[in-house]
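# predicted model, plus sequence, below.
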Amino acid sequence: MAFLAHYKYLAVLLHVLSVVIWVGGMFFAYVVLRPVAATTLEPPQRLTLWVNVFQRFFPFVWVAVITLPLTGVWLIYVFWQGSPLPIYVHIMTGLAVAMILIYLHVYFAPFRRLKNAVAIQNWQEGGKRLGQMRKLIGINLTIGLITVIVASGGRLF
C-alpha cells in the first residue's frame, strides 16, 4: 500500500476535480440555467431540455460519485495513516455520504419518472418530477457548497 503515497497528488487532483465538476455543474444548472429555462421555454421544450441536460451531466456525476469516496479513503490513508481524523474530515465525509445518497435517489426515482413522462408527453407529471428534482438538487447544492467550505477551511476552524 506504500505505492498509494507516491500518487497522493493524483488523488488530490482527482478528488478536487470531481468536486468542481459535480458542485459546479449543480451551481450552473440551478442558479443559471433553471431560471432562464423557466422564463423562456414552454413546458414541453423545458422538460425536454432538462432530460437532455441531465442525460449529459449525470455520467459525470457517476464518475464523481465513484471517484470521491475512493480518493477520499486514499487521502485519509496517506495523510493520517491510522491517526485520529480531524473533525472537519468527519464532517466532510458525512456530508459527502448524504450527497451521494440524495443523488442516487434523484437518479433512480424522479429522473427516471421525468424521462418516462417526457417520452409519453405527460407534461404535468414531468413538471412534478422536475420540481421534485429541483428541490433535491437545491439541497445537494447547498450541502456541496458547505462541504467545500468545510474542506477548504476546516483546518482553520
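That came through fine. Numbers count the residues shown, from 1 in each chain.
# which helix or which strand is home to the most centrally placed residue in the chain?
Most central in the chain under Cα atoms, centre = their mean is Trp22, positioned 4.4 Å from the mean C-alpha point. Using DSSP states H and E, Trp22 falls within helix 8-27.
# give the other helices and strands that that helix contacts.
helix 43-80, helix 123-153 (3 or more Cβ pairs under 8 Å, 6 or more residues apart in numbering; DSSP states H and E). For the C-beta atoms, the positions are set from N, CA and C on the backbone; glycine is no exception.
# so how far is Phe28 from the residue nearest to the centre of the chain?
Distance from Trp22 to Phe28, counting by Cβ to Cβ, to the nearest Å: 11 Å.
# looking at the chain, which helix or strand does the model trust least?
helix 3-6 (a mean of 63; mean pLDDT, DSSP states H and E).
# how about stretch 17-35: buried residues?
18-19, 21-23, 25-26, 29-30, 34 (16 or more other Cβ atoms under 10 Å).
# would you mind checking the average pLDDT for it?
If you average the pLDDT over stretch 17-35, you get 98.
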